[in-house]
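>>> Fold the stuff below for me.
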Amino acid sequence: MTQLFHKNVTFEREAATRIFLIGSLVVIIVVAALGAYILIPRLNSNPETSPSPSPTLTVTPIVSPTLSPTPSVTVEPTTSPTSIPNPSITVSNSTNWAGYVVVSDLNNPQPVVTGVSASWIVPAVAPSTSDTFSAVWIGIGGSQLAQDQTLIQCGSQQDSVGGQPQYSCWYELLPQFSRTLMSIAASPGDHIQASIQLANAAASEWNVTIFDLTSGDSFSNFFTYPASKLSAEWIVERPELATGVFASLANFGTVMFTDCSTIIGGVNGGISNFPTSEVVMHSSDLVGKPSTKLTAVSGLSGDGSQFTVTYLASSG
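Numbers count the residues shown, from 1 in each chain. Below is the predicted model of the structure:
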């Protein structure tokens, strides 16, 4: 009996304990559920754990200001202007020259001409029973306008000697005789380009250059020569055979000078940019003596760079 009573009491105690434990567990579960129910909405409302989407930003672009256009500026050239605008052209007669002569001043030429150049085609001459001669050249000095005794020149020669045409290129420094250039085998139809330039003013050194652009032959050399620098010329000539005796002019047809330019007082320009004299060849320039006009000289092109000389007669 005593043991049975003891076992019943123990069993009841154990049952109570189980009920207590089960009840506590239920309470704990209920409390936990309630806590979770309360806590979860608070967590969902926390901005750090559930951020709002980034707002759309409206960016105002930075626009460069509209600049006023830079006005055009006309810059005046710093080079010295031509000192002789729109010069008049005079006409003079000569017994051996035909073409154009320019100077710094028609009434008082100054020694300021430092360059001359031009191009032309070597003309074919007609054979003649008597000997006839013609020369096409450019030069500095020697003009009657300046009563000048110096002349540096270069060009081509077109003659009929013994009934046979002859052609050559040459240069001349008066009072010396002309020198034929053996390095250039000139032929009718060849394109000649010639220039005479002051290379060293202190030493009076000049550069004389002739190119036969058709054959490729050329000549270029430096000469010390006391040129007057008073005038520049583009001339067709009937050469002087002896003092005061001029050759009969060869029938050269027409010669066209092109690319004509000169440097006067440091200004580079065409013939018409400077005081100019048109020179026409006559058989005589003596007043009262019958004279035959041997050549016709055309007017200048618009830029003053070209003109023609045409054969009219051999002599008077």
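
>>> burial of Ile271, as a residue count?
28 (other CB atoms under 10 Å). (Each C-beta comes from the backbone N, C-alpha and C, glycine too.)

>>> Now do the strands in the stretch 51-200 of the chain.
For the stretch 51-200 of the chain, the strands defined by DSSP state E, counting those that start in this stretch occupy 89-94, 97-102, 113-121, 135-141, 151-161, 164-173, 179-180, 191-200.

>>> Next, format these as CSV and append distance to Ala296.
Below are those laid out as CSV (distance: least, CB to CB, whole Å):
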stretch, distance to Ala296
strand 89-94, 12
strand 97-102, 8
strand 113-121, 16
strand 135-141, 15
strand 151-161, 17
strand 164-173, 22
strand 179-180, 29
strand 191-200, 22
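
>>> Ala242 versus Gln197, what's the distance?
32 Å (CB to CB, to the nearest Å).

>>> Looking at these two, which is more packed in?
Gln197 (16 against 7).

>>> That one contacts Phe222, correct?
No - using CB atoms under 8 Å, Gln197 makes no contact with Phe222, being 10.0 Å away.

>>> Give the residues shared as contacts by those two.
With contacts defined as CB atoms under 8 Å, 6 or more residues apart in numbering, the residues adjacent to both Gln197 and Phe222 are 206-207.

>>> how about Ser291, secondary structure?
coil (DSSP: H, G, I helix; E, B strand; the rest coil).

>>> I'd like to know how far it sits from Phe222.
According to CB to CB, Ser291 stands 41 Å off from Phe222.

>>> Then Pro188?
Pro188 is 30 Å from Phe222, by CB to CB.

>>> same thing with Val267?
Distance from Val267 to Phe222, counting by CB to CB: 24 Å.

>>> ok, now which ones touch the closest residue to Ser314 other than its chain neighbours?
Closest residue to Ser314 apart from its sequence neighbours, by CB to CB, 6 or more residues apart in numbering: Ser248 at 4.7 Å. Contacts here follow CB under 8 Å, 6+ apart; on that basis Ser248 touches 128, 130-133, 238, 314-315.

>>> List buried residues within those.
Buried members of these, counted by 16 or more other CB atoms under 10 Å: 128, 132-133, 238, 314.

>>> Present those as TSV; the columns should include distance to Ser284 and pLDDT.
Formatted as TSV, the buried ones among the contacts of Ser248 follow (distance: CB to CB, whole Å; pLDDT from 0 to 100):
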residue	distance to Ser284	pLDDT
Ser128	21	92
Thr132	18	96
Phe133	18	96
Arg238	13	95
Ser314	14	91
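
>>> where exactly do the helices run in the protein?
Using DSSP state H, the helices of the chain run over 2-44.

>>> any weak-confidence spans in it?
For the chain, the stretches flagged by pLDDT under 70 are 1-88, 146, 243, 285-288, 316.

>>> quick check: domain ranges of the protein?
Per automatic domain parsing, the structural domains of the chain span 1-46, 89-311.

>>> Figure out the length between the terminal residues of the last one.
Think domain 89-311. Using CA to CA, to the nearest Å, one end of domain 89-311 lies 22 Å from the other.

>>> And the buried ones among the contacts of Ser248, which is closest to Thr295?
Arg238 (9.2 Å; CB to CB).

>>> quick one, what contacts that closest one?
Counting by CB under 8 Å, 6+ apart, Arg238 touches 96, 133-135, 246-250, 281, 294.

>>> would you turn these into TSV with distance to Ile184?
Converted to TSV, these look like this (distance: CB to CB, whole Å):
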residue	distance to Ile184
Asn96	24
Phe133	18
Ser134	17
Ala135	14
Phe246	26
Ala247	22
Ser248	25
Leu249	23
Ala250	19
Met281	26
Leu294	27
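
>>> quick one: which of those is nearest to Gly216?
Nearest member of the contacts of Arg238 to Gly216, counting by CB to CB, is Ala135, at 22.8 Å.

>>> What about the residue nearest to that closest one when sequence neighbours are not counted, how many residues nearby?
With CB to CB, 6+ apart as the criterion, Ala135 has its nearest non-adjacent residue at 4.6 Å, and that residue is Glu237. Glu237 has 25 neighbours, counted by other CB under 10 Å.

>>> same thing with Gln166?
15.

>>> and it, what does it touch?
Gln166 makes contacts with 157-160, as judged by CB under 8 Å, 6+ apart.

>>> ok, now Ser315?
When contacts are counted by CB under 8 Å, 6+ apart, Ser315 touches 246, 248-249, 283, 292, 294.

>>> which of the residues you listed count as buried?
246, 248-249, 283, 294.

>>> Nearest to Gln144, out of those: which one, please.
Phe246 (14.6 Å).
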